[in-house]
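In: my questions are about this predicted structure, shown below with the sequence.
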Amino acid sequence: MKKIYGLINGKIIYKDSIIEDKVLIFNEKIIDIADLQNIDRYENINLIDVEGKFISPGFIDIHIHGAGGSDIMDGTMESITNISNTIAKTGVTGFLPTTMTMDKDTIYGALNVVRQAMYLDIQGAKVLGVHMEGPFINEKYKGAQNAKYILKPDFEFIKEYLDIIKIITLAPEMDKEYRFLQKIKEYSDITLSIGHSNATYDEAKKAIKNGIKHATHLFNAMTPMHHRAPGIVGAVLRSNITCELIADKIHVHPAIFQILIDVKGIENLVLITDSMRAGCMKDGIYELGGQKVIVKNGSARLEDNTLAGSILTLNRAVKNVLENTSIKLYEVVKLVTQNPAKVIGIEKDKGSLDIGKDADITVFDEDLNIYFTVVEGKIVFNKL
């Protein structure tokens, strides 16, 4: 018989409200949100008292390179398992391991491990697919990517991995006559994202018309918005495509958080970490894509001072947005649950606490400290 759990004495974050005095009942799936007096019908239910904390859908990170001292590009099951276990402690129940612009063999090695990990129980956050960030980027806005391995968009390069790719970040101006965009549009499971790009405003608008549906870490590694040259940022703000935000208050000034919500709307914004291997680790010297990274005072930078991903966690991102905007907690939670699920086409199974969906659950307190994480009904972190 499947174990049935009930979370009691919690504040359930459900759709457009926060529900109190109810019990969230689940096994592998969400079974019910019931009154306490009605749970007798569930035999041998395991009740867990969350002591007034918030019960949320599990967080989904669609852009993360590493954490806990490991990186996706290590290309080992040990590394991907360590990342999974590490970020589960920050409330993440599902993630897209995100690749870097490196040599072909290293990229393929990472993709092969991701494919394996998708079908294994790795005791932490679930691997949902892969986000390919590069090598189809523009050198001018390469950020912390290695220019040596940049390529023009090439379908042959990725065709063996179409089953696991969920997002491709690319510079569309490098795609002659948008042939790559047009080809990928045949695969509805893949989201094309503009990023690490030198596109003009007009080029970006044209790319959106030709299949770009998303923007990778908006404002960072792309042409900025200027009153005489609106750039990619201007094109994204004038469109209905979704966009990512690294809300660490370093990559983007916190005043931008509210501006972005006002312009794009809550439904089109996704919080990501863009975390590298130093995530959840101490300050020191680390590595990203074969390059030395110095982590100090909350930021990760190459030796030339270029930002090299972040050491942000998704629960801190939620807190930062909550503290720097006027939107409510249940609305901020959508930015790390419902919205990322929609971007990668898994909203039928994940992203909310609707009955019948996967039991991906995160419990946190008012300071966004994580106490309890459940992945498809399995408790993977418990500090209650």
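Out: Sure, I can see it.

In: hey, let's count contacts and neighbours off CA atoms from now on
Out: OK.

In: what is the neighbour count of Val380?
Out: Counted with other Cα atoms under 10 Å, the neighbours of Val380 add up to 18.

In: how is the chain partitioned into domains?
Out: 5-56+354-382, 59-343 (automatic domain parsing).

In: can you get me the start-to-end distance on the longest one?
Out: Read that as domain 59-343. 14 Å (Cα to Cα, to the nearest Å).

In: pick the most buried one from the domains of the chain.
Out: Comparing these by mean neighbour count (mean count of other Cα atoms under 10 Å), domain 59-343 ranks first with a mean of 21.

In: now that domain: mean pLDDT?
Out: Throughout domain 59-343, pLDDT has a mean value of 95.

In: just the residues contacting the helix ranked longest in the chain, thanks.
Out: If you go by DSSP state H, the chain has its longest helix at helix 104-117. The contact list for helix 104-117 (Cα atoms under 8 Å, 6 or more residues apart in numbering) reads 72-77, 80, 97, 99-101, 127, 129-130, 161, 164.

In: at 6 Å what do you get?
Out: 73, 75 (Cα atoms under 6 Å, 6 or more residues apart in numbering).

In: got the CA positions of stretch 140-154 in PDB?
Out: C-alpha atoms of stretch 140-154 as PDB (Å, rounded to 0.1, in the frame of the first residue of the first chain):
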ATOM      1  CA  LYS A 140      30.500  40.300 -27.900                       C
ATOM      2  CA  TYR A 141      28.000  39.300 -25.100                       C
ATOM      3  CA  LYS A 142      29.600  36.000 -24.200                       C
ATOM      4  CA  GLY A 143      29.800  36.900 -20.500                       C
ATOM      5  CA  ALA A 144      31.600  34.100 -18.600                       C
ATOM      6  CA  GLN A 145      31.400  31.700 -21.600                       C
ATOM      7  CA  ASN A 146      34.500  30.700 -23.500                       C
ATOM      8  CA  ALA A 147      34.800  32.400 -26.900                       C
ATOM      9  CA  LYS A 148      37.000  29.600 -28.200                       C
ATOM     10  CA  TYR A 149      34.100  27.200 -28.500                       C
ATOM     11  CA  ILE A 150      31.300  29.500 -29.900                       C
ATOM     12  CA  LEU A 151      29.500  28.100 -32.900                       C
ATOM     13  CA  LYS A 152      26.800  29.400 -35.200                       C
ATOM     14  CA  PRO A 153      23.400  27.700 -34.600                       C
ATOM     15  CA  ASP A 154      23.600  24.200 -36.000                       C
END
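
In: which other residues reach it?
Out: Against stretch 140-154 from outside (Cα under 6 Å, 6+ apart): 101-103, 135-136, 139, 174-175, 196-197, 221-222, 308.

In: could you work out the most separated pair of those residues?
Out: Asp175 and Ala308 (25.3 Å; Cα to Cα).

In: any idea how far Phe157 lies from Ile60?
Out: 27 Å.

In: oops, could you answer that again for Ile122 instead?
Out: Relative to Ile60, and taking Cα to Cα, Ile122 is found at 16 Å.

In: give me the nearest residue to Trp118, chain neighbours excluded.
Out: Residue 118: Met, not Trp. The shortest distance from Met118 to any non-neighbouring residue, by Cα to Cα, 6 or more residues apart in numbering, is to Val127 (5.0 Å).

In: could you give the bridge partners of that neighbour?
Out: Phe95 (DSSP bridges).

In: all the strands of the stretch 51-200 of the chain, in order from the start?
Out: Remark: strands assigned in the stretch 51-200 of the chain by DSSP state E, counting those that start in this stretch are 54-57, 59-64, 66-67, 70-71, 92-97, 126-127, 130-133, 165-170, 191-194.
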